[in-house]
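Asker: 3D model of this:
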Amino acid sequence: MWESENESAAGRGYAGGLLNPSKQGVKTDGFEQRGQSWYVATDIPSDLLIQIGGANFHLHKYPLLSRSGKLNRIIYESRDPDLSKIVIDDLPGGAEAFEQAAKFCYGIAVDLTAGNISGLRCAAEYLEMTEDLEEGNLIFKTEAFLSYVVLSSWRDSIVVLKSCEKLSPWAENLQIVRRCSESIAWKACANPKGIRWSYTGRPPKVSSPKWNDTKDSSSPSRNQHVPPDWWFEDVSILRIDHFVRVITAIKVKGMRYELIGASIMHYAIKWLPGLINDTANFGDEASSDNNSNSSSNSGGGWKGGLHMVVAGTRDETSSLQAKDQRLIIESIISIIPPQKDSVSCSFLLRLLRMANMLKVAPALVTELEKRVGMQFEQASPADLLIPSYDQSETMYDVDLIQRLLEHFLVQEQTESSSPSRVGGTNLTAKTRVARLVDSYLTEVSRDRNLSLTKFQVLAEALPESARTCDDGLYRAIDSYLKAHPTLSEHERKRLCRVMECQKLSIDACMHAAQNERLPLRVVVQVLFSEQVKLSNAIANSSLKEGGAESQYQPMISNRKTLLEATPQSFQEGWTAAKKDINTLKFELESVKAKYLELQNDMENLQKQFEKMLKQKQTSAWSTGWKKLSKLTKMSNMENHEIAPQIPPTSAEQNRKQPRRWRNSIS
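Answerer: Residues are numbered from 1 along each chain as shown. Got it, this is the predicted structure:
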């Protein structure tokens, strides 16, 4: 049973959590504090001053030496029987724990709670308050309270583990952390149907949550549904190293990996506010003190988590926060379950963004990239827009997306080779990734510093079978052309090679036919491919109307996937198809006319250029002879016009016939 500490203590003879020693060395009415000094309320003057940090304790030697082997050894090794002052700077638990231990030595009742038991247990070990000096010493008492009271309570185990954050390495060496972690793991893996108490991080109305407590009327009813994540909020208040211990213990108990992954995401969102915010600012909020997250008594609640803000920049506080953030991210990466869907891809990508920003160890970053590649098809375009935190010129880290895509392809190839892999699933995943990459390229293409090579490599990384429609890729190309108007003709042609015109839909073809940024050759290819698709569509519709006897056959029968990728249906009627054909024919004829017009202009310019060259080569003398020859020809023509027109004889016709043939040849 999981019971509250007060009821458990009373049932085991702890008198409601009060620890009553069997003997009293010096009769006293208690301790009284004056400033930073503590005094024993007794008539006997104190003969020993113990300084713990900034606190001074004016005590007596006999009660302390009778139960503390450490103080005995200090006085013995000093060789001074009149030693009256001892300074202790490394006592676990500090002045608060020593005060409780001193009260125990004087026989004063000590109130044991989940908040002070770990510090008192470590202090007792440090002071060597063992059974060799006196039966029922402080080590025995505190160990019994831990074993029989704390570890049987869910909430007390959480509080004790939280209080161990200030007691390293004593709490580790005394196995307090391990025992509390295993206790929490055992209770978290228990059947939720048996839980009938307040299990979340809300401040409870009762002293502690109870397990199978039928006497408590305020606990939830027996039939109340308990969600499987009831323990997430309570565990999320722990420090990262203790949280790792708890999750490791839960894994050993065999909990489902989906729940483990969900608890890790809950913890990361609680401790890494920058994980869900697009921009995080270092130094805007200071990290909370650990003391505020633990409960010192059984009746109080706790607030969730220590929030350390990522980012930033100038002072030492920010660097310490960045160091803590880095430790959290590295620890979370190391405990994520290896199963594919244990955590979401969006969470992994956001974690990867923070890991790059905080310069996490490269080996862990590579491991995280492989995890993202396992479920890359689940990502969203917004999650891929990871800024470039190195000295790269581009705004976004395109190289990182390239590596993620490579990990995805390697993973897909490995899974496709396995006999249990379904082929359709592999193709569907690649299709999703192709759409994702096209959307990402559309966004990053607006960056003027993005090189053509990076764009081309990322666009061609996927196999051709991954894209059934290249509309997304055309949109990215058009966006890149808009942002880079200074591209040469060769570079524009090279950019358009990553796209297949046959895979464009009718809407994309209509846009491309009027796109002045595209090379003319690409526009012609688009119009031709669209004409081919229209012919196939007409042939298919004719086959459906006339059956197998129809004389129309598809021009390209092996391109059904292109027709399926077209968003508009060409089988709704002959009128719509004919209208589209006429429109495209008009577009094609206009392009051809422009091409012929440009060709004629080119020929005219070439002729004018040749004439200018001939004029420069001829001399003034030859020019004069040409003028004379022209005058002679003109005079002959006038004579022919004045003379009567006599029909030529047959001999003259025979002489002129070869001349006409030579003229035709020339």
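Asker: confidence score at Ala508?
Answerer: Per-residue confidence (pLDDT) for Ala508: 85.
Asker: repeat that for Asn558.
Answerer: pLDDT, Asn558: 42.
Asker: same deal with the one 10 residues further on?
Answerer: Gln568 is assigned 42 on the pLDDT scale.
Asker: what do you get for Trp625?
Answerer: At Trp625 the predicted local distance difference test score is 48.
Asker: which residue ranges of this protein form strands?
Answerer: 18-19, 31-34, 37-40, 48-52, 55-59, 85-88, 110-111 (DSSP state E).
Asker: just give me the longest helix of this structure.
Answerer: helix 574-617 (DSSP state H).
Asker: show me where the stretch 351-500 of the chain has its helices.
Answerer: Along the stretch 351-500 of the chain, the stretches classed as helices by DSSP state H, counting those that start in this stretch are 362-374, 381-384, 398-417, 423-444, 452-459, 471-483, 489-496.
Asker: can you name every helix or strand that the third one contacts?
Answerer: By that I understand helix 398-417. Here helix 398-417 touches helix 362-374, helix 423-444, helix 452-459, going by 3 or more Cβ pairs under 8 Å, 6 or more residues apart in numbering; DSSP states H and E. The way it works is simple: take the backbone N, C-alpha and C, and place the C-beta from them, glycine included.
Asker: and the strands of the chain as a markdown table, adding distance to Ala361, mean neighbour count and mean pLDDT?
Answerer: A markdown table is the format used below for the strands of the chain (distance: least, Cβ to Cβ, whole Å; neighbours: other Cβ atoms under 10 Å; pLDDT from 0 to 100):
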| stretch | distance to Ala361 | mean neighbour count | mean pLDDT |
| --- | --- | --- | --- |
| strand 18-19 | 46 | 18 | 62 |
| strand 31-34 | 48 | 12 | 80 |
| strand 37-40 | 47 | 18 | 83 |
| strand 48-52 | 39 | 19 | 90 |
| strand 55-59 | 41 | 19 | 90 |
| strand 85-88 | 39 | 14 | 89 |
| strand 110-111 | 45 | 18 | 90 |
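Asker: once you drop chain neighbours, what's closest to Ile328?
Answerer: Take Ile328 and drop its neighbours on the chain: the residue closest to it by Cβ to Cβ, 6 or more residues apart in numbering is Ile240, 4.9 Å away.
Asker: hmm, I typed the wrong one, I wanted Arg73.
Answerer: Glu128 (7.8 Å).
Asker: what about the one you found, neighbour count?
Answerer: The tally of other residues near Glu128 (other Cβ atoms under 10 Å) stands at 18.
Asker: which residues touch it?
Answerer: Counting by Cβ atoms under 8 Å, 6 or more residues apart in numbering, Glu128 touches Ser68, Gly69, Lys70, Arg73.
Asker: mean pLDDT lowest where, among the helices and strands packed on helix 398-417?
Answerer: By mean pLDDT, the lowest-scoring of the helices and strands packed on helix 398-417 turns out to be helix 423-444, with a mean of 84.
Asker: what comes up buried for that one?
Answerer: Within helix 423-444, the residues scored as buried using 16 or more other Cβ atoms under 10 Å are 429-431, 433-444.
Asker: can you list the buried residues in stretch 241-261?
Answerer: Within stretch 241-261, the residues that count as buried by 16+ other Cβ under 10 Å are 242-247, 249-250, 255, 257, 259-261.
Asker: and the closest residue to Leu65 other than its chain neighbours, what pLDDT?
Answerer: Residue nearest to Leu65 in three dimensions, not counting chain neighbours: Asn72, with 5.2 Å by Cβ to Cβ, 6+ apart. At Asn72, the model reports a pLDDT of 88.
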